[in-house]
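Q: Requesting a structural model of the entry that follows:
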Amino acid sequence: MEEVPAAPNEGISLSALRSQFSVNGEEGPKYGFEGSRYHYGDGTSVASQNSSQILTGYDTLDVGPNYDFYANTNALGRVRRSRPSLFQLHSNIEVSSTHLASRQHTCRAPGDKPTRFGWVKGVMIRCMLNIWGVILYLRLPWITAQAGIGLTWVIILLSSCITGITGLSTSAIATNGRVKGGGTYFLISRSLGPELGGSIGLIFAFANAVAVAMHTVGFAETVQALMQESGASIVDPINDIRIIGVITVTCLLAISLAGMEWEAKAQVLFFIVILVSFANYIVGTIIPATPQKQAKGFFSYQADIFAENFVPSWRGPEGNFFGMFSIFFPSATGILAGANISGDLKDPTVAIPRGTLMAIFWTTLSYLIIAATIGACLVRDASGIMNDTLAMSSADSCQGLACQYGWDFTDCITNRTCTYGLSNQYQSMSLVSGFAPLITAGIFGATLSSALACLVSAPKVFQCLCKDNLYPVIGFFGKGNGKNDEPIRGYVLAYIIAVCFVLIAELNTIAPIISNFFLCSYALINFSCFHASITNSPGWRPSFRFYSKWMSLLGAVVSVIIMFLLTWWAALIAIGIVIFLLGYVLYKRPSVNWGSSVQAGSYNMALSYCVSLNQVDDHIKNYRPQCLVLTGPPSCRPALVDFVGTFTKNLSLMICGNVVTVTVMQVEPALRLPHSNSHVTWLNKRQIKSFYHGVVANDLRTGVKMLLQGAGLGRIRPNVLLTGFKRDWRKDKPSCIDNYIGILHDAFDLQYGVCVLRMREGLDVFRQAQTHVNPGFEASPERGVNTSVPPAPPANFSLDPDAMVTEPQPQPQPSTVFQSQQGKKTIDVYWLFDDGGLTLLLPYLLTRKKRWARCKVRVFVGGDIQRKEEQRKEVMDLISKFRLGFHDVEVLPDINARPQPEHVRRFEDLIGPYRINTAQKDGHVTAEQLNQDCPWMVSDEEIETNKPKTLRQIRLNEVLQDYSRDAAIIFVTMPVGRRGQCPSALYMAWLETLSRDLRPPVLLVRGNQENVLTFYCQ
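A: From the prediction side, this is the model:
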């Protein structure tokens, strides 16, 4: 639309004309004007007149920046605004007799709003609860006894470094765009792509389900210990843990099924209980120790005890640094608990960084304080017997630090029968605390909250994975229910997995299993951040700036190293599962596009290699036939596509070119046709490794010129033009013949090699399904040729690429002769003129493919009957120097013989309609005018001048009929018509005569007369 400045004195008012104008599209009005608002034909509103006038000072369809233009989802309860297209701004406005009624598309009214959480309640508290799990209460004192306070701090800080770096990477990824549900899987898959994202999503969901069992077993151990103190028992200690664990998981499942709101309330309650238990513990360390506690090894803060417990004292099979690290590390894995419910957060880009990093800081501080305080108060070994006081007689033989405080635990230390102390009692925090039941309540709160968080996280991550349809079968679990889209089926699956691992009933066995899975997830999160940063993609713009790509890489490397140091066989299993799932997704190639950093990296690599190629000159040894194939819509000529794809696959460049010929009035509808993604999708579905390039032009020849000069990039550009034979040239307009031959001349002028493929049944299939076939290449049955008619297509058959690849039941693709095994047929090569070797190179490349490998290549050359054997040996020696593996050479001495008279007459009938008639000979039309207006017409002089070449083509066709009737394919050196001396109709008749009536496909080949083969090594 032309913008008209608002000038009151001119009397022009766009508002007054709004009801009269509309822009029409293919299916009715595209948009219209009414009142103060622009409307599309579908009723969506564009912008108001007032807003555009305020921004620009005049009345225009252009609109200012708006959130709706960039959002993928509709806002509830209000009109969705849309940005006008470039065509709507640029096109002329036509007067329409049909008034476009004002319709406004309003999004559905908001129903019950789903529950959304802020950064404190949704992320920080949830992460802290998940980190403060069973390890804190039941294993941290024991780890302190084994590793000592010093190494325990190292373990805590190393774990916190890994989780801290991962938290920074997570924050960067989470702030690089809107985050939806799916947590860790969503972050990795949208950053690294579906291949790694899918595999790690499956592993992470499984690890969270197993973590439910770990925390539940910790809770069950505490309950079983309380029962044992009271003398109660259900069956035996192990089975008691199993029974209590299964009942607990079932109760947690019920809370989860009640909804996220109830689950959040339960988490807040657990958080308060844990804080109270912490306060109770700190108070207990300050209170002077009673004799009963001293008998169990507690002596309040003592410098000697701190010094003694600062160094390690390894015991048992797990008594080493990495054994302790593998048991402790799962306690640090809760940092992703908030990210895992990203779909339930009010603003994930703010909540995830702030909540996660605050949770890591406070929990790390609490772990360090607890390890130091309990190591300064409690000795490693104590008997718990009140009578084990130090007697004067045994003072010299007393062992242990407790001797300094009047207690003798020598007997239990010597016999290793001590039941109390840091090294022997998992419930040491209860002993130290001021009121033991509060620690028990804290254990209950920590274990149940962590189990509940994992039970919620696993189905949420798994649900997002299921909805992406990356793997078969699991889609059943992706269904959501209720306003929060709760994955009920996912909850049940996580429950079943948790129950199976609860039956192990051994905390120290379960913890190392999930350590490797979590470390694998952390490694990929860190690598995702590093990879996204290193690709320098303009789309990588995280609002969280406090990260380093090198720290992320360090975090990824350290995570992998620790995986193997912890449990090498479990690390191999985890990596093996990732590789297997990665291979499956690579094989299936799901149709998803998330703008991953892998795509950005591929672009960077491709661009770098393309630029580097410019620094190296071309060499004959590296010559590859890089083909520009004039296919039109590729699905229109599958045989042409299949043939070229056979010898270019994994070897050289192939570009399918499509020229859409339109008039000026048809430009807008046609602009979308050549650039349709469905063509590329069709090629991918057919497993053809090719690019697609479409152009719009006024005529075919102009469009092909655009392709010849503009296709490719740098050194990666076509050097061979390959097209189909124009079968309908005798029925088509003579100007179309001139355009077709002109295309071949244009290719020669631009130093292209030229190939023309002709098949007896033609190249076009079922053209009625095509709406924009190049008119210069349309096929029609040939006169006088016994063509084989292809079978009629099925009733539901369509060549529309969209229908073939996107429908629920894709249409069958047409099969061609080039898709089948060729067996032990022959590939006949008529190397009649030396064009640089392209005529020999193409059949050689064909024989390298499995379908053509068993075919025998026969090379035919012209010669003299008297020197037949000598010429054969000369050609054989030359071919052997090229190392092509062709061993069958035959000299054709009769190739220059005169053709049969009936074949000559047939050619004269063919060219007859294009010869200059009598009126023109009498001088009614000058030669110059005739040549200018009808360049395809053939004069008697031109016939006589080109008679030897004409007879050569007729005779050559007879030779082909005699020698190559049963070949798999025929390669023939294509004749060259000299520009200005060989009219287009005569040249077309040569090509027709040379290749007619042959059952095998015929490829006419002409290189650009430059070497493409060499027998030198440099």
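Q: buried ones in stretch 618-636?
A: By 16 or more other Cβ atoms under 10 Å, the buried positions in stretch 618-636 come out as 623-636. Just so you know, the C-beta spots here come from the backbone N, C-alpha and C atoms, and that holds for glycine as well.
Q: Now render those as a markdown table, adding pLDDT.
A: Formatted as a markdown table, the buried residues of stretch 618-636 follow (pLDDT from 0 to 100):
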| residue | pLDDT |
| --- | --- |
| 623 | 89 |
| 624 | 89 |
| 625 | 92 |
| 626 | 92 |
| 627 | 93 |
| 628 | 95 |
| 629 | 94 |
| 630 | 93 |
| 631 | 90 |
| 632 | 87 |
| 633 | 88 |
| 634 | 89 |
| 635 | 86 |
| 636 | 87 |
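Q: would you turn those into a markdown table with distance to residue 194?
A: Output for these, formatted as a markdown table (distance: Cβ to Cβ, whole Å):
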| residue | distance to residue 194 |
| --- | --- |
| 623 | 38 |
| 624 | 32 |
| 625 | 34 |
| 626 | 31 |
| 627 | 32 |
| 628 | 33 |
| 629 | 31 |
| 630 | 35 |
| 631 | 30 |
| 632 | 33 |
| 633 | 29 |
| 634 | 26 |
| 635 | 27 |
| 636 | 32 |
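Q: Now intersect these with the strands, please.
A: Under the assignment DSSP state E, these contribute 627-630 to strands.
Q: Could you dump those residues into JSON lines with distance to residue 261 added?
A: What follows is those, written out as JSON lines (distance: Cβ to Cβ, whole Å):
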{"residue": "627", "distance to residue 261": "62"}
{"residue": "628", "distance to residue 261": "62"}
{"residue": "629", "distance to residue 261": "61"}
{"residue": "630", "distance to residue 261": "63"}
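Q: Among these, which one sits closest to residue 662?
A: Closest approach between those and residue 662, by Cβ to Cβ: residue 630, at 17.3 Å.
Q: Please give me every residue in contact with that closest one.
A: By Cβ atoms under 8 Å, 6 or more residues apart in numbering, the contact set of residue 630 is 657, 659, 704, 707, 721-724, 743, 774, 777.
Q: Report the beta-bridge partners for it.
A: Note on residue 630: beta-bridge partners by DSSP bridges are residue 657.
Q: follow-up on the earlier one: and which of the ones in strands among the buried residues of stretch 618-636 is nearest residue 407?
A: Nearest member of these to residue 407, counting by Cβ to Cβ, is residue 627, at 90.7 Å.
Q: can you pull the contacts of that closest one?
A: Residues near residue 627 by Cβ under 8 Å, 6+ apart: 644, 648, 652-655, 718, 720-722, 755.
Q: Can you flag which of these belong to strands?
A: Counted as lying in strands by DSSP E, out of the contacts of residue 627, are 654-655, 720-722, 755.
Q: Would you point out the most distant pair within those residues?
A: 655 and 755 (14.0 Å).
Q: neighbour-wise, which of those two wins?
A: In this view residue 655 and residue 755 are compared by other Cβ atoms under 10 Å, and residue 755 has more residues nearby, 25 against 22.
Q: need the contact list for the closest residue to the more buried one other than its chain neighbours.
A: Spatially, and ignoring its direct neighbours in sequence, residue 755 is nearest to residue 722 (4.4 Å; Cβ to Cβ, 6 or more residues apart in numbering). Contact partners of residue 722, counting by Cβ under 8 Å, 6+ apart, are 627-630, 640, 644, 754-757.
Q: which residues does residue 722 form a beta bridge with?
A: With DSSP bridges as the rule, residue 722 is bridged to residue 629, residue 755.
Q: And the pLDDT for it?
A: Here the pLDDT value assigned to residue 722 is 94.
Q: And the one 10 residues further on, by the same measure?
A: You'll see residue 732 listed with a pLDDT of 86.
Q: can you put the contacts of residue 630 in a markdown table and add distance to residue 385?
A: Putting the contacts of residue 630 into a markdown table (distance: Cβ to Cβ, whole Å) gives the following:
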| residue | distance to residue 385 |
| --- | --- |
| 657 | 93 |
| 659 | 98 |
| 704 | 100 |
| 707 | 95 |
| 721 | 98 |
| 722 | 95 |
| 723 | 99 |
| 724 | 99 |
| 743 | 104 |
| 774 | 99 |
| 777 | 101 |
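Q: Excluding residues flanking it in the chain, which one is nearest the residue nearest the centre of the chain?
A: When Cα atoms, centre = their mean is applied to the chain, the residue found nearest the centroid is residue 193 (4.6 Å). Leaving aside its sequence neighbours, residue 193 sits nearest to residue 596 (Cβ to Cβ, 6+ apart; 3.6 Å).
Q: Tell me which stretches of the stretch 751-900 of the chain form strands.
A: Counting by DSSP state E, counting those that start in this stretch, one finds strands in the stretch 751-900 of the chain at the ranges 753-758, 826-830, 856-862, 888-892.
Q: could you dump those to a markdown table with distance to residue 350 and mean pLDDT?
A: Supplementary listing: these in a markdown table, determined by distance: least, Cβ to Cβ, whole Å; pLDDT from 0 to 100:
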| stretch | distance to residue 350 | mean pLDDT |
| --- | --- | --- |
| strand 753-758 | 60 | 94 |
| strand 826-830 | 67 | 94 |
| strand 856-862 | 68 | 92 |
| strand 888-892 | 75 | 91 |
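Q: Distance to residue 989 for the ones you listed - can I get that in JSON lines?
A: Formatted as JSON lines, these follow (distance: least, Cβ to Cβ, whole Å):
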{"stretch": "strand 753-758", "distance to residue 989": "14"}
{"stretch": "strand 826-830", "distance to residue 989": "19"}
{"stretch": "strand 856-862", "distance to residue 989": "22"}
{"stretch": "strand 888-892", "distance to residue 989": "23"}
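Q: Give me the distance between the two termini of stretch 297-312.
A: The straight-line separation of the ends of stretch 297-312 (Cα to Cα, to the nearest Å) is 18 Å.
Q: Do you know the pLDDT at residue 86?
A: For residue 86, the model assigns a pLDDT of 62.
Q: same check, this time on residue 770
A: Per-residue confidence at residue 770 stands at 39 (pLDDT).
Q: Please apply the same query to residue 808.
A: So residue 808 comes in at 42 (pLDDT).
Q: cool, residue 967 as well?
A: As predicted, residue 967 sits at a pLDDT of 93.
Q: Report the beta-bridge partners for residue 716.
A: residue 713.
Q: so when I look at residue 1015, I'm seeing a strand, right?
A: No. Checked against DSSP: H, G, I helix; E, B strand; the rest coil, residue 1015 lies outside a strand; its state is coil.
Q: quick one: the nearest residue to it once chain neighbours are set aside and residue 732, what's the gap?
A: In this structure, residue 1015 finds its nearest non-sequential neighbour in residue 881, 3.7 Å apart by Cβ to Cβ, 6+ apart. Applying Cβ to Cβ, to the nearest Å, the value for residue 881 to residue 732 is 45 Å.
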